[in-house]
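Novice: mind looking at a prediction? Sequence and model below.
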Amino acid sequence: MTIKDIAREAGYAVGTVSRVLNNNPNVSPQARQRILEVIQKHKFQPNTNARRLKQQQSQGIAMIVKGTHNMLFALVLEKLQAQCSAAGYSSMVYYIDEADNEVERARQICREHKPRGVVFLGSNRENFTPQLTELGVPCLLMTNTAASQPIENLSSVSVDDVSAAARMIDHLWAQGHRQIELIGGFLESSQPSAARLSGCLSAFSRLGISYDAATRYTQARYTLEGGYKAMEQLLAARPNLTAVFAFSDIMAIGAIRALQDHGLRVPQDVSVCGFDGLELGEYLIPRLTTIRQPAEKMAERGVALLIQCIEEDAPAVHELVPYQLVEGESVLRF
């Protein structure tokens, strides 16, 4: 009789049985009662030596965060850690620069600390190859999709960046804007930026807006300073612009500061919108129009999928969660 046999007879997941055996409170009373009945029926005794070895080999879940200025990542990370703790897992957080290779860092972490799983916040598509399976643990990509990269041990949870960006362009168009400019991350290292740019270009084409991304897309770091400097570049190159779509709320806030420093009003002179839905944007003057990513929902689904892969050897899953366009006060209707 094994833990899998107990799970099969009780009608619950292996992870649920494991939590009952470890006295984890995150189990419903009904599930706990049923599982204990099966355990008592078969006089099941856990293999304490195997459990001790497993505990020695595992230090929890490693979370690799790309960049130190991304407030969305900070919010998602907080929710991820809470979800992991509720499920009985510890978490280790590692911050790396936007230009660093997150997969190489994961290899080092797995060699030295032997985590049960790895979560990536931020990614470069080129770094994720089938060789990721060599890590030997389930992995989860958060806020970016890995659906187009079928890697055996890599799941993902994100919003549909392409659809969300196109939705924002449609919104600006509906408000009468025709001179729309974009500020986003570096395309060679930011998969979300590439996806959002793709969504914008699709909407531009559908709406008949001429836009040459090679010469007009303004790249910047996902920071306040990045948004500020990008906005200054746009003001010099596109003085007739009426609206700016920044691919993060933080860059949008930096852009608004640059406009104000140049004597321009938001939204009376230039409209600005962002992407992420940070709480900070609700207290900005004016309140920021943005695409809201549901941080808590993403964390909840991400941890659930990762634990299924860890405890039940479940296959990788790629899940999209719904986004929301939040109309603030930073976009003017012409």
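Specialist: Structure's in. What do you need? Numbers count the residues shown, from 1 in each chain.

Novice: out of the helices and strands in the chain, which is least certain?
Specialist: helix 48-57 (a mean of 49; mean pLDDT, DSSP states H and E).

Novice: after it comes which helix or strand?
Specialist: For helix 48-57, the following helix or strand on the C-terminal side (DSSP states H and E) is strand 61-66.

Novice: what's the residue nearest the centre of the chain in contact with, if anything?
Specialist: Centroid-nearest residue in the chain, with CA atoms, centre = their mean: Thr143, separated by 1.9 Å. By CB atoms under 8 Å, 6 or more residues apart in numbering, the residues touching Thr143 are 72-73, 76, 121-122, 157-159, 192, 293, 298. To be clear about C-beta, it is placed using only N, CA and C from the backbone, and glycine gets the same treatment.

Novice: what's the closest of those to Arg8?
Specialist: Ranked by distance to Arg8 (CB to CB), the contacts of Thr143 are led by Val157 at 27.9 Å.

Novice: which residues are contacting stretch 12-23?
Specialist: Defining contact as CB under 8 Å, 6+ apart, one finds that stretch 12-23 is touched by 3-4, 6-7, 10, 24, 26-27, 31-32, 34-36, 39, 46, 87-88, 307-308, 310-312.

Novice: which of those count as buried?
Specialist: With burial judged by 16 or more other CB atoms under 10 Å, the buried subset of the contacts of stretch 12-23 is 3, 6-7, 10, 24, 27, 31-32, 34-35, 39, 87-88, 307-308, 310-311.

Novice: what's the spacing between the residue nearest to the centre of the chain and Ser158?
Specialist: 5 Å (CB to CB, to the nearest Å).

Novice: identify the contacts common to those two.
Specialist: Met298.

Novice: quick one: Glu181 is in a helix?
Specialist: No: assessed by DSSP: H, G, I helix; E, B strand; the rest coil, Glu181 does not belong to a helix; its assignment is strand.

Novice: can you name the residues bridging to it?
Specialist: With DSSP bridges as the criterion, Glu181 is bridged to Val244.
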